[in-house]
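Q: Just a sequence and a predicted model for now, questions to come.
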Amino acid sequence: ISRQNLTVIIVSFMSEKVIHNCINSIPEDIKIIIIDNSNNRSFKSEIEKKYNNVRCILSKNNIGMGAGNNYGLSKIDTDYGFVLNPDVILRDNAIDEIIIASKKVDTFSIISPIMEEKDYPNYKLRMKKNLKKIKDEPFKVDSVDGFAMLLNISRLNKLENFSSKKYFDENIFLYLENDDLCKRVSDCDENIYVVPKSKIKHLGAKAVD
């Protein structure tokens with residue numbers, strides 16, 4: 001992963017109150033694509049005028065989170081796509097820590113930052129591990145929450161299950177589309193990692209005004 005080979009995807013729907021904090025937390029040299037499900041032309045104009053690294057694409061209809069992410073991912077020309085919700089704020093060096101971690105681990109299809117609120121983990125483990133021993137090192141999980149997950153697009157495209165390049169199941173309009181994706185990734189014996197040094201804040205249920 002590098003900043004030049006990474007695109008951030010944000011699906012928005014009346015997210016004007018929170019999305020600027022999200023964008024401002026992303027380094028300016030990283031490309032961002034916003035899929036706006038509210039078809040707000042004034043929002044598109046304002047965003048693209050304010051940020052040189054942002055492209056806003058209007059969806060004619062509210063196509064939901066999974067389909068919106070697929071739409072955004074179909075527009076990138078990088079090997080990695082970082083799916084973010086508009087109510088997520090990256091802490092300092094969050095992306096750089098993921099880049100560093102990606103060089104330490106073996107192959108991966110998904111890699112994710114970690115919630116700074118320790119009581120609300122953004123990952124699931126079926127088999128409980130002693131994470132205290134792991135400390136700051138990346139660790140494997142069964143699934144990660146969809147509000148912040150980085151997809152290894154070039155690797156997923158080589159898997160038969162993702163040959164259609166539909167990463168999220170578009171039959172799922174909202175919620176659990178990330179669990180479905182992680183299950184299909186795990187069914188292919190692919191790895192999903194969380195990076196403890198890469199921290200984010202998720203406002204939670206604040207993406208829509």
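A: Okay, I see it.
Q: Start and end of stretch 126-137, how far apart?
A: Stretch 126-137 has an end-to-end distance of 19 Å (C-alpha to C-alpha, to the nearest Å).
Q: What mean pLDDT does it get?
A: Stretch 126-137 carries an average pLDDT of 66.
Q: cool, stretch 64-78 as well?
A: 95.
Q: Can you point out the buried residues in it?
A: Neighbour-count burial for stretch 64-78 flags 64-73, 76, 78 (criterion: 16 or more other C-beta atoms under 10 Å). C-betas here are computed from N, CA, C, even on glycine.
Q: of all these, which comes closest to residue 152?
A: Ranked by distance to residue 152 (C-beta to C-beta), the buried residues of stretch 64-78 are led by residue 78 at 10.9 Å.
Q: From the contact counts, what lies against the helix or strand residue 35 falls within?
A: Taking DSSP states H and E as the criterion, residue 35 maps to strand 31-36. In this structure, strand 31-36 makes packing contacts with strand 6-12, helix 41-50, strand 54-58, helix 65-73, judged by 3 or more C-beta pairs under 8 Å, 6 or more residues apart in numbering; DSSP states H and E.
Q: Hey, what's the angle from it to helix 65-73? Just curious.
A: Compare the direction of strand 31-36 with that of helix 65-73 by axes from the mean of the first three to the mean of the last three C-alpha atoms, to 10 degrees and you get 140 degrees.
Q: now strand 31-36 against strand 54-58, angle please.
A: Using the same axes, to 10 degrees, strand 31-36 lies at 20 degrees relative to strand 54-58.
Q: Identify the residues contacting strand 31-36?
A: With C-beta atoms under 8 Å, 6 or more residues apart in numbering as the test, strand 31-36 has contacts from 6-13, 19, 23, 26, 43-44, 47, 51, 53-59, 68-69, 71-72, 75-76, 78.
Q: quick check: mean pLDDT across the longest strand along the chain?
A: Ranked by residue count and defined by DSSP state E, the top strand of the chain is strand 192-202. Averaging pLDDT along strand 192-202 yields 96.
Q: Convert it to PDB, retaining C-alpha atoms only.
A: This file holds the C-alpha atoms of strand 192-202, laid out as PDB (Å, rounded to 0.1, in the frame of the first residue of the first chain):
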ATOM      1  CA  ILE A 192      -8.500  -9.900   7.500                       C
ATOM      2  CA  TYR A 193      -6.300  -7.800   9.800                       C
ATOM      3  CA  VAL A 194      -6.700  -5.000  12.300                       C
ATOM      4  CA  VAL A 195      -3.900  -2.500  13.000                       C
ATOM      5  CA  PRO A 196      -3.800  -1.300  16.600                       C
ATOM      6  CA  LYS A 197      -1.500   1.600  15.900                       C
ATOM      7  CA  SER A 198      -4.000   3.000  13.300                       C
ATOM      8  CA  LYS A 199      -6.700   4.700  15.300                       C
ATOM      9  CA  ILE A 200     -10.100   6.200  14.300                       C
ATOM     10  CA  LYS A 201     -13.000   7.800  16.000                       C
ATOM     11  CA  HIS A 202     -16.500   6.800  14.900                       C
END
